[in-house]
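Asker: Show me the folded form of this:
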Amino acid sequence: MQKIIVRYIAMVVAAALLLIFGLNWLLQGKNAETDMVKNANLKLEQISRTLDNNTLELENLKESLSEDYLTRAYAFAYIIEQNPDVLNSQTELQRITELLNVDELHVIDENGILFAGNIPLYFGMDFHSTEQTSEFLSILDDPNGSLVQEIRPNGYEQKVFQYIGVARQDEKGIVQIGMAPTRMLEAQKRNELSYILAKIPMDTGGTLFAIDKETKKILAHSDDSLQGKDMKALGFTEKNLNDFEHGRFLGKGNNKKFYVLKEYEGIMLGLGKEEKVLYEERNRQSLMVSVYLIVSCLMVIILINLLLKRVIVDGIYKIMGEITRITEGNLNTVVKVDSNPEFKNLSSGINQMVQGILEASGKVSKIIDGVDMQIGVFEIENDKQEVMATAKLGEIMGWTPEEAKEIYADKDRFAKALDNVMGRPLEGEDGIYQLTASGKRWVKIQMASELRGQYGVVTDVTEEVLDKKKIQHERDYDSLTGLCNIDTLKREAENILESGDVGCAAMVMLDLDNFKGVNDQYGHDFGDEYLRRCAMLLKVFNGAKGIAARRSGDEFCIFFHHHESRPEIMNRMEEFYISLREEVLLFPDGTRGTLSISAGVAWYDETLKSYGTLLKAADYALYDAKNSGKGIIKQYTLL
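Answerer: Presented below is the predicted three-dimensional model:
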């Protein structure tokens, strides 16, 4: 009978083995496809976010440059209004060009003829003669008119430039500046699909691409030779283009690939991977599973054969009763059936099996604790007061061995300790909590419930949280000076202004005098140190009543708020200038000197209430300070 039973069991096990192997084969393939879809969606989402971020950055840059260039054009118009004779001096015009940091200056008379500027080659040009220049003629009929033209070839040399024009204030005419659009063109390049796709890391056998849904052309591809070709080169048709959201194969033989597509604003972003690369892990895993299953099945058959040798029908029910108690969770049950040697051996084997389960549980806990990761596991059973937990849990929670022992002995106390930690969630994060109210450690707590109770995993995620905070800090602060960047200043200042509770407030624009000369004479490394020394002095304004920021290059901003009066703010600025004179710099050539800074102040009032108007007015005042001798403070006054 024993041989018959063993034979049938072997057949059942062999069938189960084949079934498990087949299911595992299918499951591994499905998992490979699922992982591919998941990873592809992450990469495609990353590309989408990058495109969105780059577009927003491009818009912000365009807005910022337009505002800045328009300010310089108005400044040039103001200079002409104050001293029209500068139009007769090419030397003065060239000096103004350098002072305003522009590439071209032009003045057009009431007839649309360019008659003055820093480029004599253009003198006499009729603005009616080209489409590009004629757009500025509308300013002649509007004393307050202005135009910030898009980047395009100019009408004379077809040179790609950006021109900005405003109306002259002293007589009918147009004042125009020209800027080489280097920054804007570089920003546009960063938003090109081919550039973005080239920055995304890809596994072997993987390809990234983008297809225009309207033209059906390949906009970008990991293989540059396919760029610009029809999507049929990849095997896609208009009919099947929308069928790859959840992933599917395309192609035959060695060209068969698994593709995942995601639509973004009329563009199909896609990721593909060769079939053999996609499933290469399945073959290895299947082989390992086959070996494990065969060994396991052989061990099971051997064990069953040994057990059958000790089976006697008369004692089977008693043994089954004891086994039932064991399966209900009473692992302390001892099977003791010794009416004959066979039952005695069977009882001993069952007891050994139970002990092995307990030891295996202990080994699993030791393995988890031995892994070089801060992970702790616990289990709370409904009918037990004691909590089962791995040793590393107490270490993660900051408990001493004695405290952990006491907490594990009472599940209510354990639950209270968890609730205490979960009462301090990390804002914007799901399942992450600050370990202590004053500490610098964070944990992730994941819990699940079942019929017998609850179990959970606690992971120390301090390093991940700190990395994320570091990324956020690098986003909001200037890496060279340590001051906040202009975007952060704008966000903070707009929040304060929109609240309505501002107090006495002012926007201050500062510019390091002769910084270009210092940079050219002593090199960029000393130039960076020059900026850092200035920023160190500006940090005194950061606090409850002020924000200091680096705007760009050698320009800085201070936003004062919630002060009692304007004299209080001006006193702070005077103290700052005193500290400038006391801050002695040792230059690389051995000479000593001090920082020289020009500043323009714009006061918050009924006419200057928004961030943009305050910044523009402070720019005007700064320009006045630079023209009045440098190293001084000028206040904006409405003309």
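Asker: going forward, measure contacts between C-alpha atoms and count neighbours the same way
Answerer: OK.
Asker: Quick check: what element follows the helix or strand encompassing residue 49 along the chain?
Answerer: If you go by DSSP states H and E, residue 49 is part of helix 2-82. The element immediately downstream of helix 2-82 (helix or strand, assigned by DSSP H and E) is helix 90-100.
Asker: strands paired with the helix or strand just after that following helix, and their directions?
Answerer: Under the assignment DSSP H and E, the closest C-terminal helix or strand after helix 90-100 is strand 104-108. With DSSP bridges as the test, strand 104-108 is paired with strand 114-117 (antiparallel), strand 174-179 (antiparallel).
Asker: so which of those comes closest to residue 3?
Answerer: strand 174-179 (94.9 Å; Cα to Cα).
Asker: taking the mean pLDDT, what do you get for stretch 166-178?
Answerer: The average pLDDT within stretch 166-178 is 93.
Asker: actually stretch 58-66, not the one I typed
Answerer: 83.
Asker: That one: which residues count as buried?
Answerer: Across stretch 58-66, burial judged by 16 or more other Cα atoms under 10 Å covers 58, 62, 65, 66.
Asker: low pLDDT regions in the stretch 51-200 of the chain?
Answerer: Residue ranges of the stretch 51-200 of the chain with pLDDT under 70: 187-191.
Asker: Quick one: closest of the strands paired with strand 104-108 to residue 625.
Answerer: Among the strands paired with strand 104-108, strand 174-179 sits nearest to residue 625 (Cα to Cα), with 21.3 Å.
Asker: tell me the angle the closest one makes with helix 90-100.
Answerer: Per axes from the mean of the first three to the mean of the last three Cα atoms, to 10 degrees, the angle that strand 174-179 makes with helix 90-100 is 60 degrees.
Asker: Just the buried residues of stretch 132-141, please?
Answerer: 132, 133, 136, 137, 139, 140.
Asker: and the end-to-end length of it?
Answerer: Using Cα to Cα, to the nearest Å, the end-to-end distance of stretch 132-141 comes out at 18 Å.
Asker: picking that back up, with residue 50 as the reference, name the closest of the strands paired with strand 104-108.
Answerer: strand 174-179 (27.7 Å).
Asker: How about residues contacting the closest one?
Answerer: 69, 72-73, 76-77, 102-110, 136, 139-140, 161-168 (Cα atoms under 8 Å, 6 or more residues apart in numbering).
Asker: Convert it to CSV, retaining C-alpha atoms only.
Answerer: Listed next in CSV are the C-alpha coordinates belonging to strand 174-179 (Å, rounded to 0.1, in the frame of the first residue of the first chain):
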residue,chain,number,x,y,z
ILE,A,174,11.5,105.8,-31.5
VAL,A,175,14.3,104.6,-29.2
GLN,A,176,15.3,101.0,-29.9
ILE,A,177,17.8,98.5,-28.3
GLY,A,178,19.0,95.2,-29.8
MET,A,179,20.0,92.1,-27.8
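Asker: Can you tell me which of the buried residues of stretch 58-66 is closest to residue 377?
Answerer: residue 58 (47.9 Å).
Asker: what number of residues lie near residue 11?
Answerer: Neighbours of residue 11 under the rule other Cα atoms under 10 Å: 12.
Asker: how close does it sit to residue 70?
Answerer: 87 Å.
Asker: do the same with residue 556
Answerer: Relative to residue 70, and taking Cα to Cα, residue 556 is found at 19 Å.
Asker: Next, the buried residues of stretch 411-428.
Answerer: So, applying 16+ other Cα under 10 Å, buried residues of stretch 411-428: 411, 414, 421, 422, 425, 426.
Asker: Now the buried members of the contacts of strand 174-179.
Answerer: 69, 72-73, 76-77, 102, 104-109, 136, 139-140, 161-168.
Asker: Tell me where the model's unsure across the stretch 301-450 of the chain.
Answerer: Checking the stretch 301-450 of the chain against pLDDT under 70 turns up 307-320, 322, 324-332, 338-340, 342-344, 354-373, 439.
Asker: Show me where it has its helices.
Answerer: 316-327, 341-370, 391-397, 401-408, 411-422 (DSSP state H, counting those that start in this stretch).
Asker: Skipping its backbone neighbours, what lies nearest residue 453 in space?
Answerer: residue 381 (4.4 Å; Cα to Cα, 6 or more residues apart in numbering).
Asker: Now for the closest residue to residue 153 other than its chain neighbours: which residues touch it?
Answerer: Closest residue to residue 153 apart from its sequence neighbours, by Cα to Cα, 6+ apart: residue 160 at 4.1 Å. Applying Cα under 8 Å, 6+ apart to residue 160 gives the contacts 151, 152, 153, 154, 180, 181.
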